[in-house]
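Undergrad: Take this sequence and fold it.
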Amino acid sequence: MASCSILIPAIPALLLLLLALEPPRSAVKAAPGNETPTFLYTVTNHYEPLAWMHGADRFSSGATIFVHDAIGKHPLVPNFAASADSSRGS
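TA: Take a look at the predicted model:
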């Protein structure tokens, strides 16, 4: 029973010690200059958000995936014939 009376006060002290010894966190900094972030997006005539629930495409045929980067906006793969819906592979 004596070991429990020593252990109980030691636990908060150990937790405080661990918090005090935590390594400093580094801040995330934005890229220098006027660099445009690169991202992908889909352009379509029709979007059906729940189509994946019954195995269909969310985007109509003719949908195109575009890249927006420092060069500008352009199709990811020109004349791509497959689905633009990433959920179709599962």
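
Undergrad: I'd like the next helix or strand past the helix or strand where Ile8 lies.
TA: Secondary structure assignment for Ile8, by DSSP states H and E: helix 2-20. Tracing the chain past helix 2-20, the next element assigned as helix or strand by DSSP H and E is strand 39-43.

Undergrad: Note down every partner strand of the very next helix or strand once past that next one and its orientation.
TA: Note on strand 39-43: by DSSP H and E, the next helix or strand toward the C-terminus is strand 64-68. Strand 64-68 has the following strand partners under DSSP bridges: strand 39-43 (antiparallel), strand 73-75 (antiparallel).

Undergrad: Out of these, flag the one nearest Ser60.
TA: Each of those was scored for nearness to Ser60 using CB to CB, and the closest is strand 39-43 (10.4 Å). Where C-beta positions appear, they are placed from N, C-alpha and C, glycine not excepted.

Undergrad: Distance-wise, check Trp52 relative to Phe59.
TA: Separation of Trp52 from Phe59 (CB to CB, to the nearest Å): 11 Å.
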